[in-house]
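> Here's a sequence, model it:
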Amino acid sequence: MVTPPLVVTIFDALVFLAVVAPFLLLIRHRNAVPTLPAFPGPVTLPRLSVVVPARDEGSTIGRALGSLLAQDYPDLEVIVVDDRSSDTTADILREIAARDGRLLVLRVDELPAGWLGKNHAMWRGADRASGEWLLFTDADVVFAQGALRDAVAYAAAERLDHLTLAPRLVARGLALRAFVAFFGYAFIALWGAYLANDPKSKRGVGIGAFNLVRGSAYERIGTMRALSLRPDDDIRLGRRLRGFGFRQRVLNGSARLSVEWYPSLGAAISGLEKSMYSSMEYRVIDAAGVLLYLGATMVWPFVAIVLVGGIDRVLLAFVVACRMAALLETYRQSISLKLTPSALLVAVLLPFSAACFGWAIVRSVYLAETRGVRWRGTIYPLSLLRAQSGLEGIAANRSR
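Take a look at the predicted model:
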């Protein structure tokens with residue numbers, strides 16, 4: 001153990017401020033993302049159209065649709081858009097549609113220019129929808145009984161235009177659980193998703209597993225056409241709705257819906273390659289800033305705490321404690337529902353998870369800058385994606 005030079009102590013003090021201040025703010029808002037409540041008593045519910053884009057989802061779509069069609073929602077239609085699937089997805093959809101008339105299946109055989117496949121599928125499904133409310137969800141999300149009824153009743157009672165729910169993330173294996181827990185922590189605590197529930201904040205949030213949107217609001221923002229080339233379509237939908245001034249809320253839906261996000265850590269890192277750079281508006285300087293923040297506040301403290309002494313060790317001990325406490329709470333809400341002994345291992349692996357997240361950013365930037373963004377077999381030039389990013393920002397600013 002060594003006494004570090006003054007410049008390192010100053011750096012550690014800055015790290016302390018960069019971590020502890022947001023942590024205290026998070027504690028202050030620890031109840032800012034409440035659980036979706038059960039709606040008591042009988043209520044008249046509007047027609048709901050659930051839109052599910054699907055491509056090669058044969059292993060998951062049967063269970064997902066089964067949970068949707070088993071809902072006790074009185075006026076429901078489910079629209080699945082089969083986006084050029086080459087596996088058993090079409091056969092499964094055909095079989096389910098033959099048994100349940102509430103399921104409408106649309107098929108996309110060719111992707112039009114200027115669209116990402118999933119975004120186009122969502123647009124096609126919403127275009128055929130007849131409901132007053134639209135729910136955009138994924139083909140691997142499993143819903144608990146009553147989830148749709150309670151969500152729509154809550155949104156209507158609160159006079160919302162958009163309600164998004166954070167699902168329970170099913171992760172297998174310690175490394176993947178640690179990474180998923182970190183991702184949820186980064187989304188809620190670091191990025192500040194909880195601020196979406198503050199009427200004074202301009203933070204907009206959307207989660208792909210559950211984006212419930214009033215149909216009139218969806219039309220007002222220009223439908224999915226306005227987001228046709230956004231790999232981060234889910235969060236952009238929420239941000240665009242907020243930018244247009246619509247009432248929005250994000251709730252904890254871990255008891256109402258669940259999803260196995262990725263089957264392995266490698267798959268998770270690869271899956272994020274297409275959207276990480278997009279979330280930073282395709283700006284290298286922003287990506288560099290995030291990487292510096294990750295290294296300084298999530299890797300360095302865990303390493304340096306065993307190497308340095310004096311005031312530096314005290315400062316870094318507070319940093320490590322704040323990081324682990326916040327991550328454990330996120331883990332409890334998004335993965336385990338209750339803390340288990342393995343949760344402590346997940347917290348200890350925070351530097352590893354942050355490093356993996358950083359690597360996903362590096363790969364996302366490198367691949368986009370050298371070849372464009374590859375998604376579902378199609379490569380999109382970075383110049384095209386940057387152009388829409390700029391147009392989206394102009395449109396959102398004009399709406400205010």
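> Do you know the pLDDT at Y194?
In this model, Y194 is scored at 84, pLDDT.
> make that Q388, sorry
We have a pLDDT of 72 for Q388.
> On the three-state scheme, the spatially most central residue of the chain is what?
For the chain, the residue nearest the mean C-alpha position is I207 (4.2 Å; C-alpha atoms, centre = their mean). I207 falls in the coil class when you classify it by DSSP: H, G, I helix; E, B strand; the rest coil.
> residues contacting it?
By C-beta atoms under 8 Å, 6 or more residues apart in numbering, I207 lies in contact with T164, L165, A166, P167, D234, I235, G238, V250. Bear in mind the C-beta positions are built from the backbone N, C-alpha and C, glycine included.
> same question, S130
R47, S49, E77.
> and the gap between the nearest residue to A304 once chain neighbours are set aside and L350?
Nearest non-adjacent residue to A304, counting by C-beta to C-beta, 6 or more residues apart in numbering: L316, 5.7 Å away. Here the criterion is C-beta to C-beta, to the nearest Å. By it, L316 lies 13 Å from L350.
> For the closest residue to G208 other than its chain neighbours, pull up the helix or strand it's in.
Distances taken as C-beta to C-beta, 6+ apart put D234 closest to G208, at 3.5 Å, once the chain neighbours are dropped. Assessed by DSSP states H and E, D234 sits inside helix 233-243.
> helices or strands next to that helix in the packing?
Helix 233-243 sits against helix 117-128, strand 162-166, strand 211-214, strand 248-252, helix 382-399, with contacts defined as 3 or more C-beta pairs under 8 Å, 6 or more residues apart in numbering; DSSP states H and E.
> same thing but 7 Å
Applying 3 or more C-beta pairs under 7 Å, 6 or more residues apart in numbering; DSSP states H and E, we find helix 233-243 packed against strand 162-166, strand 211-214, strand 248-252, helix 382-399.
> How about residues contacting the third one?
Pointing back at strand 248-252 there. Residues from elsewhere that reach strand 248-252 (C-beta atoms under 7 Å, 6 or more residues apart in numbering): 33-36, 158, 160-166, 193, 196-197, 204-205, 238, 241-242, 333.
> What are the boundaries of the strands in the protein?
Along the chain, counting by DSSP state E, strands occupy 48-54, 76-83, 103-108, 133-136, 141-143, 162-166, 168-169, 211-214, 248-252, 257-259, 373-375, 378-380.
> how many neighbours does the residue lying closest to V19 once chain neighbours are set aside have?
Using C-beta to C-beta, 6+ apart and skipping the chain neighbours, the partner closest in space to V19 is V319 (4.7 Å). Neighbourhood size, V319 [other C-beta atoms under 10 Å]: 26.
> Quick one: residues contacting V319.
With C-beta under 7 Å, 6+ apart, V319 has these contacts: V15, F16, V19, T297, P301.
> Looking at these, which has the smallest pLDDT value?
The lowest pLDDT within the contacts of V319 belongs to V19, with 92.
> The contacts of V319, buried ones only, as a PyMOL selection?
Of these, the buried ones go into a single PyMOL selection, burial set by 16 or more other C-beta atoms under 10 Å:
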select buried, resi 15+16+19+297+301
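> Return the member of the contacts of V319 nearest to H29.
Distance to H29, by C-beta to C-beta, is smallest for V19 among these, at 16.2 Å.
> Correct me if wrong: that closest one contacts V320.
No: using C-beta atoms under 7 Å, V19 is not in contact with V320; the gap is 9.0 Å.
> I figured F246 was touching L160, is that so?
No: in terms of C-beta under 7 Å, F246 does not count as a neighbour of L160; the distance is 8.2 Å.
> which of the two has more neighbours?
Taking neighbours as other C-beta under 10 Å, F246 and L160 compare with F246 leading, 21 against 17.
> How is the protein partitioned into domains?
Each domain of the chain is listed here as a residue range: 6-30+272-378, 48-167+207-261, per automatic domain parsing.
> Just send those back as a markdown table, with distance to R386 too.
A markdown table is the format used below for the domains of the chain (distance: least, C-beta to C-beta, whole Å):
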| stretch | distance to R386 |
| --- | --- |
| domain 6-30+272-378 | 5 |
| domain 48-167+207-261 | 10 |
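> And the ones you listed: which comes nearest F182?
domain 6-30+272-378 (3.6 Å).
> Quote the end-to-end distance of the closest one.
52 Å (C-alpha to C-alpha, to the nearest Å).
> and if you look at stretch 85-93?
By C-alpha to C-alpha, one end of stretch 85-93 lies 11 Å from the other end.
> Sketch out the low-pLDDT regions of the chain for me.
1, 333-339, 389-400 (pLDDT under 70).
> again, only this time at 80
1-3, 26, 28-32, 40-43, 189-190, 329-343, 376-377, 388-400 (pLDDT under 80).
> ok, and for stretch 26-38, which residues are buried?
L26, A32, V33, L36.
> Turn these into TSV, including distance to A343.
TSV is the format used below for these (distance: C-beta to C-beta, whole Å):
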residue	distance to A343
L26	18
A32	22
V33	19
L36	23
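> what's the closest of those to V373?
Checking the buried residues of stretch 26-38 one by one against V373 (C-beta to C-beta), the nearest turns out to be V33, at 30.4 Å.
> is it true that I269 touches C356?
Yes: I269 lies in contact with C356 (C-beta under 7 Å); the separation is 6.1 Å.
> tally of neighbours for A317?
13.
> Can you tell me the closest non-neighbouring residue to it?
That would be I305: by C-beta to C-beta, 6+ apart, it lies 6.2 Å from A317.
> Please report how far that neighbour lies from A186.
For I305 relative to A186 (C-beta to C-beta), the value is 21 Å.
> Over to G208?
16 Å.
> Same check on D140?
On the measure of C-beta to C-beta, D140 and A186 end up 22 Å apart.
> Likewise for G377?
Taking C-beta to C-beta as the measure, G377 falls 29 Å from A186.
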